[in-house]
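Q: okay, sequence plus prediction incoming.
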Amino acid sequence: MAKTYQTRQLAALLSCIRSHRDGYVTVKGLMEQLDEAGSPMGLATIYRQMEKLETQGLVHRVASDDRNGACWKYCGADHGGACILVKCESCGAISHMDCAELPGLYRHLAEHHGFTVNPNRTLLYGTCAACQSKEANHGTDHLY
């Protein structure tokens, strides 16, 4: 992937979204955070810049379950295409997962099923380890 020129606006936006590493943020949230940081940016500019970051593989776009529109999750560029987002159906947390097995799965889907996966737009739903632990212990909490 070719390195692209990074403007001051893009750098401010990237810094802002990096601060949400353990979560995700809406464009409205980014706009508010940029305003607070003294780097105001318009809605259209944020969307354009986020699309650039997505093309560079630095962020994932996440379709939101509510009316806030798209959300964005910082990913970073050191995954070599072997990453995916997972969302816990219990607590709602969205996590970035690096896994060396993913390229094999993507190849299998393409070769055997004629389906090409876009890992920057893929979100798997399930239950995170913390919620699984809570659910497993829930039944024993009241036993003595």
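A: The structure has been received and is ready for your questions. Numbering: from 1, shown residues only.
Q: hey, let's count contacts and neighbours off CA atoms from now on
A: Will do.
Q: what about the strands in this protein?
A: 25-26, 59-62, 71-74, 83-88, 94-98, 123-126 (DSSP state E).
Q: what packs against the last one?
A: What that stands for is strand 123-126. Counting contacts by 3 or more Cα pairs under 8 Å, 6 or more residues apart in numbering; DSSP states H and E, strand 123-126 packs against strand 83-88.
Q: other SSEs contacting the strand it packs on?
A: strand 94-98, strand 123-126.
Q: I figured Ile84 hits Asp98, correct?
A: Yes - at 6.7 Å, Ile84 and Asp98 qualify as touching, with contact defined as Cα atoms under 8 Å.
Q: neighbour count for the two, which is higher?
A: Ile84 (21 against 16; other Cα atoms under 10 Å).
Q: beta partners of the residue nearest the centre of the chain?
A: A centroid search over the chain (Cα atoms, centre = their mean) returns Lys73, at 2.8 Å, as the residue closest to the centre. Under DSSP bridges, the beta-bridge partners of Lys73 are His60.
Q: got a list of what it touches?
A: Taking Cα atoms under 8 Å, 6 or more residues apart in numbering as the contact definition, Lys73 lies against Ile17, His20, Arg21, Gly23, Tyr24, Val25, Val59, His60, Arg61, Val62, His96.
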